[in-house]
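> After the sequence you'll find the predicted model.
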Amino acid sequence: MHEMKNCNAIVCNCDFLTAVARNCGATASQFDRDQTHGFNREIKEATLNYPEAITAYQGYHSFIDQAINQINANFGGDLVIDIHGHGDGNYTMIGYLLTGAHLNRDVFNTLSVITSIEPLCGSNRNECIRGNSSFGTALELNGLSIVYPSLAHPKPGSIDFLSGGFITRNYISRINAIQTELPISMRTAANRLDNTKKYAQAIVDYIQRNSLLRSSTTR
């Protein structure tokens, strides 16, 4: 059985952000898992060589490219958030291309690994990844359960941590990128709309805290 995802939450999320933070773009895909492994992978692995899937994959990433070009032209840089769901527990994982082992360290500044939000981190990776200004902390402050990493929950411990996929890796040379893995409890029909609003507010808070979405005229 294949679950048909409801895009109303995505639309609501984008509408809320447009009203509060001036600009938002959302790219969503609905595709049978028998024909594609999802577009967060290299094209051959994602499409399994199905012609229709290849066309959809290319269109999906073309929309992302166009959005990034528009953002960079108008704002000089911003943020891509790749939203996924997982079923392993009642917690959210934030992927910055740091593994669970990386996040279980006390200090990040000596790591040679490049994060997916390196321009935001500057010389203080601990703050941008799990401090007051981190996206995980913004989600928790808006009532969205336990988030790894965050100020309250800086280390994921032994959980099977998802650090970010192809989309996060592929676009970080042009824009800050984050992958989020949301628990089932956030995505149920009863909670979806309310949690979408909380998630959108967390994005707004994160954007404002980190001075993103500056107009090109103020750069």
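Thanks, I have the structure now.

> packing partners for the longest helix seen in the chain?
What stands out as the longest helix in the chain, according to DSSP state H, is helix 51-75. The contact analysis (3 or more CB pairs under 8 Å, 6 or more residues apart in numbering; DSSP states H and E) places helix 51-75 against helix 43-47, strand 79-85, helix 166-171. C-beta coordinates here come from the backbone N, C-alpha and C atoms, glycine included.

> which one of those is the most hemmed in?
Among the helices and strands packed on helix 51-75, helix 166-171 has the highest mean neighbour count (mean count of other CB atoms under 10 Å), at a mean of 20.

> C-alpha coordinates for it, PDB please?
Provided in PDB are the C-alpha atoms of helix 166-171 (Å, rounded to 0.1, in the frame of the first residue of the first chain):
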ATOM      1  CA  PHE A 166      21.800  14.400  -1.800                       C
ATOM      2  CA  ILE A 167      19.800  17.700  -1.700                       C
ATOM      3  CA  THR A 168      21.600  18.900   1.300                       C
ATOM      4  CA  ARG A 169      25.000  18.000  -0.200                       C
ATOM      5  CA  ASN A 170      24.300  19.100  -3.700                       C
ATOM      6  CA  TYR A 171      23.200  22.700  -3.100                       C
END
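
> Tell me which other helices or strands that helix touches.
Using 3+ CB pairs under 8 Å, 6+ apart: helix 166-171 touches helix 51-75, strand 79-85, strand 176-182.

> Would you map the helices across the chain?
Under DSSP H, the chain gives helices at 8-21, 43-47, 51-75, 100-103, 118-121, 125-130, 135-141, 166-171, 184-187, 189-209.

> tell me the mean pLDDT over the first one?
Averaging pLDDT along helix 8-21 gives 48.

> One more: the longest one?
Helix 51-75 shows a mean pLDDT of 89 in the predicted model.

> for the protein, which spans come out with low pLDDT?
Across the chain, the ranges flagged by pLDDT under 70 are 1-37, 77, 213-219.

> at 50 instead, please
For the chain, the stretches flagged by pLDDT under 50 are 1-7, 9-12, 16-21, 216-219.

> Check the spacing between C128 and L151 real quick.
For C128, the distance to L151 equals 12 Å [CB to CB, to the nearest Å].

> no wait, I172
Per CB to CB, I172 is found 23 Å from L151.

> and if you look at I71?
28 Å.

> More neighbours: the two, which one.
Set I71 next to L151 and count neighbours by other CB atoms under 10 Å: I71 wins out with 20 against 17.

> Report how many residues lie close to the nearest residue to the more buried one once chain neighbours are set aside.
Leaving aside its chain neighbours, I71 sits nearest to D78 (4.7 Å; criterion: CB to CB, 6 or more residues apart in numbering). A total of 22 residues lie near D78 under the criterion other CB under 10 Å.

> ok, D78 - contacts?
71, 175-176, 207, 212-213 (CB atoms under 8 Å, 6 or more residues apart in numbering).

> Tell me which two in those residues are the farthest apart.
Spatial extent of the contacts of D78 (CB to CB) is set by the pair I175 and I207 at 13.0 Å.

> shared neighbours of the two, which are they?
Common neighbours of I175 and I207, counting by CB under 8 Å, 6+ apart, are 78-79.
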